[in-house]
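Undergrad: can't give you the sequence, but here's the structure:
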């Protein structure tokens, strides 16, 4: 019976005043977002835009700096080297990343161990990881010592300060950005599909090529986009490990700032940013890419 | 403030409308829900039943029309001042609070002192048969237990109106039937008004005092469960609740309350509960499959009967009953359901038989 | 079949070795007794840790990095959490614009951010001051807070808030009693990310640290221009342990709030 929950009716009425006035409520999102937006405008967006503007208003409004790039052989060499580096790093990360993603998803027993082995280096700073590769690839580093001991080479050879050194270290640093989206796409494949395929007579390789690989392409696309875009802007790793001749756009920008060539630095920055945004803009609409991007950010 | 009237609130919906940027969810619902009634809003998904409930709770503002509780309009009142209990689909228990804190939540909002709160929470847990579960967290409970906690939380502050949005949807059939009975009991004990939303007609038929069948944002019919089943107002209700056979016919005449209609050369007598019909009008005759019988050798019923010759095209044994698919002279199909019994002869496919059913079970829709 | 399996196990093993070997080497080298960088170390010892803890400059930079990161955590967490709560309710075109601005530091190349900030901060007089580092690092850390808090907000069933309202809680009451406790793990994860972002940040520090605010990564960078001596391996090992512990916490928090 209901007398068990009898309570005095006086306590039942809600005595709180009406909360927030209607007009106030509309202003709340602005009040919440405003401080951060103003902060980022003042200390990040306006500074960056003001710097970029030097590419078109130094000394007066002009497109001369961009026109000058057209006949700038140094720029072309550096720009193509940057694209080439980003490209090789992306391919390398894909070759290393796909099997790793597959192992991460397909072997539940080892998945935690593999995940930690991916995440631990991921959480380590770019500087420390680049330093680690310096140690490994130095004249008396592990690689040379091991090859000498094996008798493969007779004298230590030079890896550090070559494009290869930069590429290996960048693959190492960017690999998790390839593995995680691919693993995510693989995880979303209905496990009964590969089973159905082998039930229908496909060989393991046939199943992989016709079922698993096509269904994981969204993850592959997202991973490649992420790695390529991040590789384009790399500065620390090429500066530490790369050769003095094969410099990247980021390093060229740094050099120009050192020499106080602000207009040239700003022009190069605008080109680098435009390239990055254009690549994202073109590939962002591929199915699965925007999702994986959001996931990656989270 | 609310003495005089019964323990349950009365609710009036007056031409209630809701549209979202051109898409109409509720197109004009008018409904009077009596004090202490168990009323179910039944309809397919997208029929506007949940939107209607959401507007009564106050989470949505109507585009037009009015909602009055005990005669007072509540449209401008925010949900937290309406004093309405609500049980949500998937329960919406606060995951970071214990069962006791979940149930105590509405009391805390109302400034009930802690000692009294503890007592009331204990009583509420008792009422939903979960004594001693107060210290647990929602995730440590089974679906059925979470359901009961949600119910306890919605009634602990003694609201006069309880809204329920498909509260049993996530549970398995057996548990659902147990909880249906418990809710009926709770409704009888508390004496407050229940408004219940479901798409499950069986649930609606077993639990409700009255059912409002909704379709495309409108109420298609309101009535007691047996009225809806036996006297559907329209084609939608006849088809949505239970199973119906539909035969096209033309009105030929009237015999008191009974309409005489012609179907494929035979005269069929029917009743027309809702609308005035005129001779020559094209109508649809509706009959329930279990109300039709094979006429040969059967005992003559004293009630007036309709008769039709048909051919058996399909015979399916389905446990408690046999289900036959029959073809009439013009090629229409009729479904007939008969209780299965070793004593009744099973019909063969291809057999020509006469069937009969009561005029009272023949409805013009 | 087994040959295939052995092959694929070997391939995956080699890739994992490639991933972890550099980290392991750094840790091993940091315990080397040798006075120069060599591998394998002739013997183990703590001399490089002693060198680190005995160096005024290294300790100064470490403290600077820690307290700069701590202030960044406070600023980025408060600003980012508030923005995450508000941004979803802005009118659509503004919402897109605002979230693009907030998330852009994740995509804009570091060198562009760094020289942009250097260009402006030189005029504001913020080069060589911890304040400059704090302001810049906050902008870089905020995207992590906003994404983390937004994710946990998106994970909250909207019916919980409706339930609170139907039970008599005011909108403000529902926020403090229901929403805030439920997004707490997301806020904490964002705070941890913010700390590490600032603590590890180098490119901006290269430009605006000057000589007055030399952060730990900046000092490592400067040292590396001259030598790759094992003190840096010791510092690296310490930062690896610190970030691994913090990120491990963040990872566990994320997984717990996801279930």
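TA: Great, that's in hand. The structure presented is a predicted model; accordingly, all values stated were derived computationally and were not measured.
Undergrad: Between the two ends of stretch A:144-160, how far is it?
TA: With CA to CA, to the nearest Å as the measure, stretch A:144-160 spans 11 Å from end to end.
Undergrad: oh, I was asking about stretch C:100-111
TA: Stretch C:100-111 has an end-to-end distance of 19 Å (criterion: CA to CA).
Undergrad: buried sites along it?
TA: Residues C:101, C:102, C:103, C:104, C:105, C:107, C:108, C:109, C:110, C:111 are the ones in stretch C:100-111 that count as buried (16 or more other CB atoms under 10 Å in any protein chain shown). Any C-beta I mention is one placed from the backbone N, CA and C, and that applies to glycine too.
Undergrad: now residue B:153: how far from residue B:121?
TA: 9 Å (CB to CB, to the nearest Å).
Undergrad: Of the two, which one has the most company?
TA: residue B:153 (30 against 25; other CB atoms under 10 Å in any protein chain shown).
Undergrad: Now find how far off-centre the helix or strand hosting the more buried one is within its chain.
TA: Counting by DSSP states H and E, the element that carries residue B:153 is helix B:143-155. Helix B:143-155 sits 22 Å away from the centroid of its parent chain (CA atoms, centre = their mean, to the nearest Å).
Undergrad: ok, back up a step: overlap of the contact sets of residue B:153 and residue B:121?
TA: residue B:103 (CB atoms under 8 Å, 6 or more residues apart in numbering or on different chains).
Undergrad: got CSV for the buried residues of stretch C:100-111, with secondary structure and distance to chain B too?
TA: Shown next, in CSV, are these (DSSP: H, G, I helix; E, B strand; the rest coil; distance: CB to the nearest CB, whole Å):
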residue, secondary structure, distance to chain B
C:101, helix, 28
C:102, helix, 27
C:103, helix, 28
C:104, helix, 31
C:105, helix, 32
C:107, coil, 33
C:108, coil, 36
C:109, coil, 41
C:110, helix, 38
C:111, helix, 44
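Undergrad: max-length helix in chain C?
TA: Longest helix of chain C, by residue count under DSSP state H: helix C:56-87.
Undergrad: Now do it: which elements does it pack against?
TA: Contacts defined by 3 or more CB pairs under 8 Å, 6 or more residues apart in numbering or on different chains; DSSP states H and E place helix C:56-87 against helix A:22-40, helix C:47-53, helix C:92-103, helix C:130-154, helix C:180-200, helix C:216-224.
Undergrad: now it against helix C:130-154, angle please.
TA: Here helix C:56-87 runs at an angle of 40 degrees relative to helix C:130-154 (axes from the mean of the first three to the mean of the last three CA atoms, to 10 degrees).
Undergrad: Would you map the helices across the stretch 151-298 of chain A?
TA: Along the stretch 151-298 of chain A, the segments classed as helices by DSSP state H, counting those that start in this stretch run A:163-187, A:192-199, A:204-207, A:213-215, A:217-232, A:236-241, A:249-258, A:262-283, A:289-297.
Undergrad: weakest of those in terms of mean pLDDT?
TA: Lowest mean pLDDT within those: helix A:289-297, at a mean of 52.
Undergrad: Skipping adjacent residues, who's closest to the residue in the stretch 201-350 of chain B that chain C sits nearest to in space?
TA: Nearest residue of the stretch 201-350 of chain B to chain C (CB to the nearest CB) works out as residue B:203 at 20.5 Å. Spatial nearest neighbour of residue B:203, excluding adjacent residues (CB to CB, 6 or more residues apart in numbering or on different chains): residue B:180 at 6.3 Å.
Undergrad: Outside of the host helix or strand of the one you found itself, list whatever touches it.
TA: Element membership for residue B:180 (DSSP H and E) is helix B:173-190. Defining contact as CB under 8 Å, 6+ apart, one finds that helix B:173-190 is touched by A:1-2, B:7, B:38, B:127-129, B:143-144, B:147-148, B:151, B:155, B:162, B:164, B:168, B:171, B:194, B:203, B:206-207.
Undergrad: Excluding chain neighbours, what is closest to residue C:85?
TA: Nearest non-adjacent residue to residue C:85, counting by CB to CB, 6+ apart: residue A:32, 5.2 Å away.
Undergrad: Cross-check the contact I'm expecting between the one you found and residue C:83.
TA: Yes - the criterion here is CB atoms under 8 Å, and residue A:32 meets it with residue C:83 at 6.3 Å.
Undergrad: Compare the two (neighbour count), which wins?
TA: Neighbours around residue A:32 and residue C:83, counted as other CB under 10 Å, are more numerous at residue C:83. The numbers are 28 against 20.
Undergrad: Can you give me the pLDDT of the residue in chain B that chain A sits nearest to?
TA: Nearest to chain A in chain B, going by CB to the nearest CB, is residue B:123, at a distance of 4.5 Å. According to the predicted model, the pLDDT of residue B:123 comes to 90.
Undergrad: and the strand or helix carrying it, anywhere near chain C?
TA: Per DSSP H and E, residue B:123 falls inside helix B:114-127. No - between helix B:114-127 and chain C, judged by CB under 8 Å from any CB of the partner chain, nothing touches; the nearest distance is 12.7 Å.
Undergrad: Count the neighbours of the closest residue to chain B within the stretch 51-200 of chain A for me.
TA: When scored by CB to the nearest CB, the stretch 51-200 of chain A has residue A:112 as its residue closest to chain B, at 22.8 Å. Per other CB under 10 Å, the neighbour tally for residue A:112 reads 10.
Undergrad: Fine by me, thanks again.
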